[in-house]
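A.B. asks: coords please:
(chains A and B)
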Amino acid sequence: MPTATLSAPRVETTTGIAGLTATQIDQIGVELDAIREREMADRGDVDAHYIRRMVKLQRSLEVGGRGMLYLGFLPPFWVAGVAALATSKILDNMEIGHNVMHGQYDWMNDPALSSKDFEWDTASPAEQWRHSHNYLHHTWTNVLGMDRDIGYGILRMDESQRWHPIHLMNPVNAFLLAVFFQWGVALHDLEVENLRTGRKQWSDVADLAKVIRRKGRRQVLKDYVLFPVLAGPMFVSVLLGNAAANLIRNLWSFTIIFCGHFPDGVQTFSKQDIEGETRGGWYVRQMLGSANITGGKVFHVMSGNLSHQIEHHLFPDLPARRYASLSPEVQAICERNGLPYTTGRLSRQFATVIRRIVALGLPPKAAKVT
Amino acid sequence: MTPQPATTLRQRPLSAPVRRVLGSALFEALATPHGMSRYLEQLSPMWSLSADRAVITDVTRQVDAVTLTLHATGDRVPHRAGQFVRVTVEVDGIRRTRCYSIIDAEGGDPRRITLTIRTHAHGLVSRHLAQAQAGMVVGVSQPQGSFVLPQARPQRVLLVSGGSGITPVLAMLRTVLAEDPDADVTFLHYATADDSVLHRDELARLDAAHANLGVVTVLTREQRGKGGLFGHLDRDHLDAVAPDRADRTTFACGPVALLDTLTRLYVQDGLGDRLHREQFTPAAIVMPVDTGTTVGVGTAPGTSVGNVRFVAAGRAVADDGRTLLEQAEAAGLTPEFGCRMGICHTCTTRKTCGPVRNVVTGAVADQADEDIQLCVSVPLGDVELDL
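C.D. replies: Numbers count the residues shown, from 1 in each chain, chains lettered A, B, ... in the order given. Sure thing, here's the model as predicted:
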């Protein structure tokens, strides 16, 4: 077992990514393409039925949750209402929203499940999220300087990122990002860190900002004005209930998402590393740059199947319910080629993420190697 | 008050006042961002606030066709005789859309739509609809189409149809006779055999009841026919049935061969402007010539398989074998794109019709109204994009 380090050593690329030969990389590409084709051809009734059932569950929990909050003067109803509403928001955000917007269900030709038209119950405008996530993050996964998910512009998450005194705030900023995660995601495409340094101008993002304001306004109006006001004397109780549901969704999605690419064992890459990258090389980078979380069926659904981050990064537009069944095959490919397959319990994975956030917030000389 | 068809509460569309309330700004603000319809349809698909669904209330089956009566949701635009609707059904999890002509006369309840669908042996949607039961819900668009009976009704009419092409002209026939029972109409219909004439009984009844209506059915597979007419349409048929066609406005619908023959004869006689035609054709697939190249390359550069039409931009180009993303950009359009390798789905665009091939997987997509990824799709025939 390799000793635990803050981040995996940078890979030497004399032969190719992870020391693989070009032939090996091509072969990996062929094998994964075959899996992709097989799974894509198998899509049908079962997948359609699954997502429709998931949507029905989400809508029911939402209506039921909001209804129960209206009886929130009885504490059990308040708690149940918050739990139901939080679960509905989590499902809408992850198992439904994230997956639908990846195009996983475009083949159904259903406008309600079309990646281009779907809008989700959170402050982030879907179109901007699709741009920064589907395109930028998934194409340049874990490439420093290109994948802005590495730190989201405010956190230092990799040793190669230059330390700055502001990073002493890493733990605080991470906490704030977690609590207000839906707003962090909403602002992501604006590239605030580049606006601050002047690399981007406010005039460049004026249109984006307008869309964010409009979406954010509608969400705030719904959760923090209309539903509370309609509750009359229960105003405060409903307001707090909605806020609690949003907070739970924020914290949960932050936790799952941060466990996708930041636990120990996950690798980052430089721009030079991806020069001349083939399709096989892209596949290998996805495997090395992602981490899974172990758990039961319910956990997988609640994580939007991002517990199978590796399989998701290999096949982002394949219905996510299929990832669990592909895990053994993908693991076998990794084993055959001497590649790591990073996975672990949620508590352990998240603990390594917290440790990284804290350690990388300190100046490099002060960082301890444990 | 138009009587409601015998349906359950959940099968009945929401009335206009209810839709107005549920679709009001307050409710939409509570239901943002999904919209009220998405919640209502969980209770019943017929409770959509838009005019996009219909429940089947009546089914009449015959050997190779089915006539369905639909009752639709929302504010419906009254149809004009000759128009069609786009019907969407879900088969194996995938929604598929087909166009069917409305056979109702004008002037009735616009929420009520009657269609006759011929079952094709390999027809995915027609076979699905052939097994439809009352109570089944389908997607249905507003009436569309420019093949219509003019508002200023023609004095004398010739209707020519072949096979399932009878549907739009039947609507025209019913409309004209309902408005003027003594209208001068000649109806010429081609079918392969006597029992494959759709609505044969109704045509016979109308023929008997209206003195100025002449109905002639010609069987294309016979060697002998009534009045010496058999086989496919030709000048002799027209001369026998409608020698005065220069004085008639002609509406024709049916197989391409029938329409092309009719067009040729009319143009020869200088009557081209008296003919209006509607074509029912399936998407034609031109299989790419095997040039020995590996998957991932389109047809040889310079080989055009048809036209690419960008409907929203109002532009069309001849296909040049490259991916649709490259061809759109070459035509001066600026479609959204991302990875340009078929992963991120940023370039996903609605293809309204035409066949395309995925250069990564080789898969062919030839349905109407389906989404495709422009960066990995090459045309296999005439293609229309919502771009």
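
A.B. asks: mean confidence score for stretch B:123-135?
C.D. replies: On average, the pLDDT along stretch B:123-135 is 93.

A.B. asks: likewise stretch A:331-338?
C.D. replies: On average, stretch A:331-338 scores 96.

A.B. asks: also stretch A:85-94?
C.D. replies: For stretch A:85-94, mean pLDDT is 97.

A.B. asks: take it, keep the C-alpha atoms, and write them as CSV.
C.D. replies: Taking Å, rounded to 0.1, in the frame of the first residue of the first chain, the C-alpha atoms of stretch A:85-94 are listed here in CSV:
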residue,chain,number,x,y,z
LEU,A,85,-38.4,18.9,0.6
ALA,A,86,-34.7,18.5,1.1
THR,A,87,-34.8,15.0,-0.5
SER,A,88,-36.8,16.3,-3.4
LYS,A,89,-34.3,19.1,-4.0
ILE,A,90,-31.4,16.6,-3.8
LEU,A,91,-33.1,14.3,-6.3
ASP,A,92,-33.9,17.2,-8.6
ASN,A,93,-30.3,18.4,-8.4
MET,A,94,-28.4,15.2,-8.7
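
A.B. asks: what's the spacing between it and its chain's center?
C.D. replies: Offset of stretch A:85-94 from its chain centre (Cα atoms, centre = their mean, to the nearest Å): 14 Å.

A.B. asks: same question, stretch B:147-154
C.D. replies: Taking the mean of its C-alpha atoms, stretch B:147-154 sits 19 Å from the chain's own mean (Cα atoms, centre = their mean).

A.B. asks: and what of stretch A:168-182?
C.D. replies: 16 Å.

A.B. asks: for that stretch, buried residues please.
C.D. replies: The neighbour-count check on stretch A:168-182 (16 or more other Cβ atoms under 10 Å in any protein chain shown) flags A:170, A:173-174, A:177-178, A:180-182 as buried. Every C-beta, even on glycine, is put in place using the N, C-alpha and C of the backbone.

A.B. asks: and if you look at stretch A:351-370?
C.D. replies: For stretch A:351-370, by 16+ other Cβ under 10 Å, it's A:352-353, A:356-357, A:359-361.

A.B. asks: in a strand, A:I212, correct?
C.D. replies: No. Looking at A:I212 with DSSP: H, G, I helix; E, B strand; the rest coil, it is helix, so not inside a strand.

A.B. asks: next up, the contacts around the closest residue to it other than its chain neighbours.
C.D. replies: Nearest non-adjacent residue to A:I212, counting by Cβ to Cβ, 6 or more residues apart in numbering or on different chains: A:A186, 5.4 Å away. A:A186 makes contacts with A:122-125, A:128, A:212, A:215-216, as judged by Cβ atoms under 8 Å, 6 or more residues apart in numbering or on different chains.

A.B. asks: secondary structure class for A:A186?
C.D. replies: A:A186 is classified as helix under three-state DSSP.

A.B. asks: so where's the stretch 251-387 of chain B shaky on pLDDT?
C.D. replies: Low-confidence regions of the stretch 251-387 of chain B, defined here as pLDDT under 70, cover residues B:281-303.

A.B. asks: ok, the residue nearest the centre of chain A - contacts?
C.D. replies: For chain A, the residue nearest the mean C-alpha position is A:I257 (3.9 Å; Cα atoms, centre = their mean). By Cβ under 8 Å, 6+ apart, the residues touching A:I257 are A:L306.

A.B. asks: need phi/psi at it.
C.D. replies: Here is the backbone geometry of A:I257 (degrees, to the nearest 10): phi -70, psi -40.

A.B. asks: quick check: it vs A:N134, distance?
C.D. replies: To A:N134, A:I257 is 15 Å away according to Cβ to Cβ, to the nearest Å.

A.B. asks: likewise A:E277?
C.D. replies: 18 Å.

A.B. asks: before we move on, back to that, which of the buried residues of stretch A:168-182 fall in helices?
C.D. replies: A:170, A:173-174, A:177-178, A:181-182 (DSSP state H).

A.B. asks: hmm, the helix or strand containing A:V284 in reach of chain B?
C.D. replies: A:V284 belongs to helix A:279-288 when elements are defined using DSSP states H and E. Yes. Against chain B, helix A:279-288 shows contacts by Cβ under 8 Å from any Cβ of the partner chain at A:R279.

A.B. asks: restricted to helices, list the contacts of A:A186.
C.D. replies: Using DSSP H, the contacts of A:A186 in helices are A:128, A:212, A:215-216.

A.B. asks: write a ChimeraX command that selects only the buried members of those.
C.D. replies: Buried members of the ones in helices among the contacts of A:A186, defined by 16+ other Cβ under 10 Å, are picked up in ChimeraX with:
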select /A:128,212,215,216
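
A.B. asks: quick check: B:V359 touching B:L374?
C.D. replies: No. Between B:V359 and B:L374 there is no contact under Cβ atoms under 8 Å: 11.3 Å.

A.B. asks: between the two, who's got more neighbours?
C.D. replies: Of the pair B:V359 and B:L374, B:L374 is the one with more neighbours under other Cβ atoms under 10 Å in any protein chain shown, namely 25 against 18.

A.B. asks: what residues are up against the more buried one?
C.D. replies: Per Cβ under 8 Å, 6+ apart, neighbours of B:L374: B:323-325, B:328, B:335, B:337, B:347-349, B:385.

A.B. asks: hmm, 6 Å instead?
C.D. replies: Shown in contact with B:L374 (Cβ atoms under 6 Å, 6 or more residues apart in numbering or on different chains): B:324-325, B:347, B:349.

A.B. asks: cool, and A:L326?
C.D. replies: A:E311.

A.B. asks: angle of the helix or strand harbouring it against helix A:279-288?
C.D. replies: When elements are defined using DSSP H and E, A:L326 is found to belong to helix A:323-336. Helix A:323-336 and helix A:279-288 meet at an angle of 110 degrees, taking axes from the mean of the first three to the mean of the last three Cα atoms, to 10 degrees as the criterion.

A.B. asks: how about the residues of the stretch 1-150 of chain A near chain B?
C.D. replies: Residues of the stretch 1-150 of chain A lying close to chain B by Cβ under 6 Å from any Cβ of the partner chain are A:37, A:44-45, A:48, A:56, A:59, A:103, A:106, A:108-110, A:115-116, A:119, A:134-135, A:138-139.

A.B. asks: in strands, which of these fall?
C.D. replies: Nothing among these maps onto strands, per DSSP state E.
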